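Enquirer: Sequence and predicted structure are below.
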Amino acid sequence: MGDFYQVIKTIKGRPYRYKQRTFRAGGKVCTESHYLGPASDAEATRIRAEMALRKGGPSRPAVRRAIARLADPAAAGTRWKKPWDNSSPRRQKVYRIEAFQRVITTCRAVINEADAAYYDWRNDRLGLPPQARFHRIDGGDADREFYHVVLHELAHWTGHHTRLNRTVPRSSMTDYETIYAQEEMIAEATAVIIAEQLGFASQTNGLHEHYFQHYLGEMPDRAAALAKTEREAHRAACYIMGQVNTTLASHDTVSP
């Protein structure tokens, strides 16, 4: 039989914890649920994140809503700036958020320490500044800014030819700027979508919207660019979340 896992059920606006498992009986898949008690806001956020990981990916309407907000000029606020500082070793601790850490671990991407965040398409590796370099920026704490950057680079990682096989922006291409801008829109949207799926909405003052709209402004056909972003960000988010879902399923099997 499957192992028990925790879920949150909202009753009259209040979150409550239950333990639940799924098993097969008489050819049917059944669910067994037991009440554990009321949940604090922090517990509810953590457990909902685990619930989201089990689903394997966001719905298309959720993706559409996220991209509509990213593209809304009224939502754009602070101009984008690096959430890491290479000028001095700022010791602002990045606290571990288990849901995000599960995503990073199960994707098994190769991550190297670097002075800036990037994805190396040729060598299929991510570069990330040390966690100590990340800092609070425009309302967003160092934790979420660090994990947002990781998700953004993982979104690029999904485009590799061994995964979702998106067009790699190469400087020798005549339409390099357009392809590069499109890829940045996909990566930023994917990071926002996954964070929201896990229950961690952005705290920044329009920082990610500003970043997204900068590249949207470089696209010759706004509608086509947004449509492609929606399609490819959905695929990327489902791919990343699906890695976690597959790992969970391997530990939570249903008996025949």
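Expert: Sure thing, it's come through.

Enquirer: quick one: the helices in the stretch 51-200 of the chain?
Expert: Ranges of helices in the stretch 51-200 of the chain, per DSSP state H, counting those that start in this stretch, are 60-71, 98-107, 142-158, 176-197.

Enquirer: is it true that Tyr215 touches Glu177?
Expert: No. The criterion here is CB atoms under 8 Å, and Tyr215 misses it with Glu177 at 9.6 Å. For glycine as for every other residue, the C-beta is placed from the backbone atoms N, C-alpha and C.

Enquirer: what's the neighbour count on Lys19?
Expert: Neighbour count for Lys19, taken as other CB atoms under 10 Å: 14.

Enquirer: Doesn't it belong to a helix?
Expert: No. Per DSSP: H, G, I helix; E, B strand; the rest coil, Lys19 lies outside any helix segment and is strand.

Enquirer: Contact partners for it?
Expert: Residues counted as contacts of Lys19 (CB atoms under 8 Å, 6 or more residues apart in numbering) are 4-7, 33-34, 36.

Enquirer: Likewise for Asn165?
Expert: Gly159.

Enquirer: Check the model's average confidence along stretch 172-182 for me.
Expert: Stretch 172-182 comes out with an average pLDDT of 93.

Enquirer: that older thread, got the contacts of Lys19 as JSON lines, with secondary structure and pLDDT columns?
Expert: Shown next, in JSON lines, are these (DSSP: H, G, I helix; E, B strand; the rest coil; pLDDT from 0 to 100):
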{"residue": "Phe4", "secondary structure": "coil", "pLDDT": "81"}
{"residue": "Tyr5", "secondary structure": "strand", "pLDDT": "80"}
{"residue": "Gln6", "secondary structure": "strand", "pLDDT": "81"}
{"residue": "Val7", "secondary structure": "strand", "pLDDT": "81"}
{"residue": "Ser33", "secondary structure": "strand", "pLDDT": "89"}
{"residue": "His34", "secondary structure": "strand", "pLDDT": "91"}
{"residue": "Leu36", "secondary structure": "strand", "pLDDT": "92"}
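
Enquirer: Could you single out the nearest of these to Ala189?
Expert: Val7 (27.9 Å; CB to CB).

Enquirer: My read is that that closest one contacts Ile47, right?
Expert: Yes. Look at Val7 against Ile47 with CB under 8 Å: they come within range, at 6.7 Å.

Enquirer: Please enumerate the shared neighbours of those two.
Expert: Arg17.

Enquirer: just to revisit the earlier point, next, format the helices of the stretch 51-200 of the chain as CSV and append mean neighbour count.
Expert: Below are these laid out as CSV (neighbours: other CB atoms under 10 Å):
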stretch, mean neighbour count
helix 60-71, 18
helix 98-107, 18
helix 142-158, 24
helix 176-197, 23
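
Enquirer: Kindly reformat these as CSV containing distance to His210.
Expert: Supplementary listing: these in CSV, determined by distance: least, CB to CB, whole Å:
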stretch, distance to His210
helix 60-71, 10
helix 98-107, 23
helix 142-158, 14
helix 176-197, 10
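
Enquirer: Quickly, which of the ones you listed bottoms out on average pLDDT?
Expert: helix 98-107 (a mean of 89).

Enquirer: Run through the neighbouring helices and strands of that helix.
Expert: Other helices and strands packing on helix 98-107, by 3 or more CB pairs under 8 Å, 6 or more residues apart in numbering; DSSP states H and E, are helix 41-55, helix 142-158, helix 222-251.
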